[in-house]
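Chemist: build me a structure from this.
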Amino acid sequence: MEREFEEINTDWKNTPENEGGCLKPGAKKLWKFVHHDDFKYQTDVLLGRKFVGKWLKIDPDGTITVHGSQDNHRGYAWDGCTPKFNFLQITWGNFDGQLHEHTYQLPRKDKFKPRTYYASMIHDILYQYKRCVPVTRKEADRIFYNQLKEAKWIWVGMYWLGVRLFGWIYSGWKYK
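Modeler: Below you'll find the predicted structure:
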């Protein structure tokens, strides 16, 4: 089913750092993961959509590309499955799972990552670009669910329910 998406109408300062209003300025953080190469994931959920940003690209065939090679391979950074917090020099919160050999077409160094690694990366970047990417929150959560299933994550239902129940906290989705 194809949908028409109108242009984004921003309500904060249009700067290169926030990609014309797509990215909401936020506090500096330490991230758990950094992916230094481009990663592609194809999904039927986004067929017919198109978007191009600094860190994210969506092609009409449903391919999502995270541009980890941006800024001289400085990498795309995110915090894995949230919530997480640091206390007594330990990171507490949702765990990201044991190392798993992912089946995506990847260099060997990128095949063995925690089970939720790629699902959380795609989910986080879609939430990060929610003000302008032609994707609904429900669709972003569906992609997360599908990737967790592909990784054979035994907690897929619990993690999906968590993003469905608490994802509304991160409001501001352009498309409903």
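
Chemist: which elements pack onto the longest helix seen in the chain?
Modeler: Ordering each helix of the chain by length in residues (DSSP state H) puts helix 137-150 first. Contact analysis of helix 137-150 by 3 or more Cβ pairs under 8 Å, 6 or more residues apart in numbering; DSSP states H and E lists helix 117-128, helix 156-166 as its packing neighbours. Every C-beta, even on glycine, is put in place using the N, C-alpha and C of the backbone.

Chemist: now the shortest one - C-alpha only, CSV.
Modeler: As requested, C-alpha coordinates have been extracted for helix 156-166 and formatted as CSV (Å, rounded to 0.1, in the frame of the first residue of the first chain):
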residue,chain,number,x,y,z
VAL,A,156,11.2,-10.4,21.1
GLY,A,157,7.6,-10.1,22.4
MET,A,158,8.6,-8.4,25.6
TYR,A,159,10.9,-5.9,23.8
TRP,A,160,8.3,-5.2,21.2
LEU,A,161,5.6,-4.7,23.9
GLY,A,162,8.0,-2.3,25.6
VAL,A,163,8.5,-0.1,22.6
ARG,A,164,4.8,-0.1,21.8
LEU,A,165,3.8,0.8,25.4
PHE,A,166,6.5,3.4,26.1
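
Chemist: output the contacting helices and strands for it.
Modeler: In terms of contacts (3+ Cβ pairs under 8 Å, 6+ apart), helix 156-166 is packed against helix 137-150.

Chemist: mean confidence score for the helix it packs on?
Modeler: Within the predicted structure, the mean pLDDT of helix 137-150 is 95.

Chemist: got it, and stretch 62-73?
Modeler: For stretch 62-73, the per-residue pLDDT values average out at 83.

Chemist: contacts only, for the residue of the chain positioned farthest from its centre.
Modeler: Here the centre of the chain is the reference, and by Cα atoms, centre = their mean the most remote residue is Leu88, at 28.4 Å. Applying Cβ atoms under 8 Å, 6 or more residues apart in numbering, one finds that Leu88 lies in contact with no residue.
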